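> Sharing a sequence plus its predicted fold:
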Amino acid sequence: MSRKGKVLVAMSGGIDSTVTALMLHDEGYEVVGITMKTWDYASAGPSKKETGCCNLDSFNDARMAAVEHGFPHFVLDIRDEFGDFVIENFVDEYLAGRTPNPCVMCNTHIKWRALLKRADALDCEFIATGHYGNIHQHENGRYYISKGLDELKDQSYVLWGLQQDLLSRTILPLGKYRKPQIREMAISYGYPELAKKSESYEICFVPDNDYRGFLKRKVEGLEERVAGGHFVDKHGKILGKHKGYPFYTIGQRKGLDITFGKPVYVTGINPDNNTVVLGDEEDLDGTDMMVTKLNMMKYDRVLPDMEAITKIRYKDKGSPSSLQPEGANVKVHFFENVKSIAPGQSAVFYEGDDVIGGGIIQRS
């Protein structure tokens, strides 16, 4: 038996998860590697490009690292679970005029639960991933995520949905390191090719980065159903025809195929009448939004007038705000205007570097 316990490590074959597994192995954990097949890239459409989470070469890279360092490795097929929840949510959100965040949904509802289930079957005390973040336990007993040391790689935003039973058994070794250090570790472990391996930031099931094409292939007759809708201004005046409301996102400026002699932006989407609202950049400004489907981390609830730094996008630096509980939801008021509040995206509340909790933006 290892001196630190048994840990199930999610290994994609990329640099971060490989270094995670080898680091924990060196620290004295009994490591079991597992690679999750979430998506069959061949079903994504005409693109022949594979992504890191669904790439046969990456599966082999993960397996070889495990073999070379003397710990077991398994492949777990979760395509059915992934498709039923993540992809259906992705499609449904766009059809509802919202902008989904499938990586958050996958982490929250699929990957961690699948890991924990298999960890229990293999008698593993812990699960680990190559995400850049840290896990702490507050004096109140609750577990929470805090930002990783490397601000450019920090992934705390996409982990807001992890519940207490998952956090209590999760190890995130990379949170205390910067990416260049991880590249150096990969080289020292004898994997210089990993240090040079490019990283994909695309959605795994949309390998060509064309979500509109994916929706068209996934929803039979979608183009015909949403054709003939109108661009309108904020007063409802018709400005022209668009290609269908699901093919636009809040804040979009390019690809509108309509000109006014000045930049215009998508400021609203109305699926009920198939209209897309266009406006000036200042029309994207907002100070209030409602957040639903909450998951609390550092504290068990939002208190009235609680102040937080709220992020509304992954690369958002966050903005000072006050939080007001409204039943099971939270109303967020920003102290200054923020740009492009997009229903369907995640809102994450921070106290310093610590995640208080998060949820889904319902409306601005």
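Perfect, I can see it now.
> Surely residue 155 and residue 134 touch.
No. Checked against Cβ atoms under 8 Å, the pair residue 155 and residue 134 is beyond contact range at 10.7 Å. No exception for glycine: its C-beta is placed from N, CA and C like everyone else's.
> what's the overlap in contacts for these two?
residue 148 (Cβ atoms under 8 Å, 6 or more residues apart in numbering).
> how deep is residue 77 tucked in, by neighbour count?
13 (other Cβ atoms under 10 Å).
> scratch that, residue 83 is what I was asking about
For residue 83, the count of nearby residues is 16 (other Cβ under 10 Å).
> residues in contact with it?
residue 39.
> secondary structure class for residue 273?
Following DSSP: H, G, I helix; E, B strand; the rest coil, the label given to residue 273 is coil.
> how close does it sit to residue 251?
Separation of residue 273 from residue 251 (Cβ to Cβ, to the nearest Å): 21 Å.
> of those two, who's got more company?
residue 251 (16 against 10).
> Ramachandran angles for the residue nearest to that one when sequence neighbours are not counted?
Spatial nearest neighbour of residue 251, excluding adjacent residues (Cβ to Cβ, 6 or more residues apart in numbering): residue 340 at 3.4 Å. Torsion angles at residue 340 (phi, psi; degrees, to the nearest 10) stand at phi 60, psi 60.
> tell me the contacts of residue 10?
Contacts of residue 10 by Cβ under 8 Å, 6+ apart are 17, 34-36, 111, 115, 127-130.
> May I see the buried residues of the helix or strand of the chain with the lowest mean pLDDT?
Here the helix or strand of the chain ranked lowest by mean pLDDT, DSSP states H and E is helix 79-82, holding a mean of 83. For helix 79-82, the neighbour count (16 or more other Cβ atoms under 10 Å) marks 79, 81-82 as buried.
> Equivalent analysis for stretch 273-282, please.
Using 16+ other Cβ under 10 Å as the test for burial, stretch 273-282 gives 274-278.
> Columns pLDDT and distance to residue 361 on top of those residues, output as JSON lines?
JSON lines is the format used below for these (pLDDT from 0 to 100; distance: Cβ to Cβ, whole Å):
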{"residue": "274", "pLDDT": "95", "distance to residue 361": "22"}
{"residue": "275", "pLDDT": "97", "distance to residue 361": "20"}
{"residue": "276", "pLDDT": "97", "distance to residue 361": "18"}
{"residue": "277", "pLDDT": "97", "distance to residue 361": "17"}
{"residue": "278", "pLDDT": "97", "distance to residue 361": "21"}
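> quick one: which of the residues you listed is nearest to residue 64?
Nearest to residue 64 among the buried residues of stretch 273-282: residue 276, at 48.8 Å, using Cβ to Cβ.
> Next up, phi/psi of the closest one, please.
Backbone geometry at residue 276, expressed as degrees, to the nearest 10, gives phi -120, psi 120.
> what does residue 68 give?
According to degrees, to the nearest 10, residue 68 has phi -60, psi -20.
> quick check: domain ranges of the chain?
6-130+172-196, 220-279 (automatic domain parsing).
> Span of the last one from start to end?
If I follow you right, that is domain 220-279. For domain 220-279, the first-to-last residue distance is 31 Å (Cα to Cα, to the nearest Å).
> go on, the longest one?
Start and end residues of domain 6-130+172-196 are separated by 30 Å (Cα to Cα).
> outside of stretch 92-109, which residues touch it?
Contacting residues not belonging to stretch 92-109 are listed as 38, 82, 85-87, 89-90, 158-162, 203, 205, 211, 215, 219, 245-246, 249-250, 269-271, 295, 314, 342-346 [Cβ under 8 Å, 6+ apart].
> Keep only those of those that are in helices.
If you go by DSSP state H, the contacts of stretch 92-109 have 82, 89-90, 211, 215 in helices.
> can you list these in CSV and add distance to residue 6?
Listed next are those as CSV, based on distance: Cβ to Cβ, whole Å:
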residue, distance to residue 6
82, 26
89, 33
90, 34
211, 39
215, 42
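> Show me what stretch 307-327 is in contact with.
By Cβ under 8 Å, 6+ apart, the list of residues contacting stretch 307-327 reads 101, 157-158, 289-290, 301-306, 330-336, 338, 340-342, 345-351, 356, 361.
> which parts of it are buried?
Of the residues in stretch 307-327, those buried (16+ other Cβ under 10 Å) are 308-314, 316, 318-319, 321, 323-324.
> for stretch 96-108, same thing?
Residues 97-108 are the ones in stretch 96-108 that count as buried (16+ other Cβ under 10 Å).
> from the middle of its chain, how far away would that stretch be?
Averaged C-alpha coordinates place stretch 96-108 at 7 Å from its chain's average position (Cα atoms, centre = their mean, to the nearest Å).
> Equivalent analysis for stretch 263-278, please.
25 Å.
> Surely residue 203 and residue 215 touch.
No. With contact defined as Cβ under 8 Å, residue 203 does not count as touching residue 215 (12.0 Å).
> now the helices: where do they sit in the stretch 1-150 of the chain?
Assigned by DSSP state H, counting those that start in this stretch, the helices in the stretch 1-150 of the chain fall at 15-27, 56-69, 79-82, 88-95, 102-105, 112-121.
> on contacts alone, who are the packing partners of the first one?
Contact here means 3 or more Cβ pairs under 8 Å, 6 or more residues apart in numbering; DSSP states H and E; on that basis helix 15-27 packs against strand 6-10, strand 30-37, helix 56-69, strand 126-128, helix 179-188, helix 192-196.
> Tell me which residues are up against the fifth one.
Think helix 179-188. For helix 179-188, the external contacting residues (Cβ under 8 Å, 6+ apart) are 15-16, 18-19, 22-23, 132, 150, 152-153, 174, 177, 192, 194-195.
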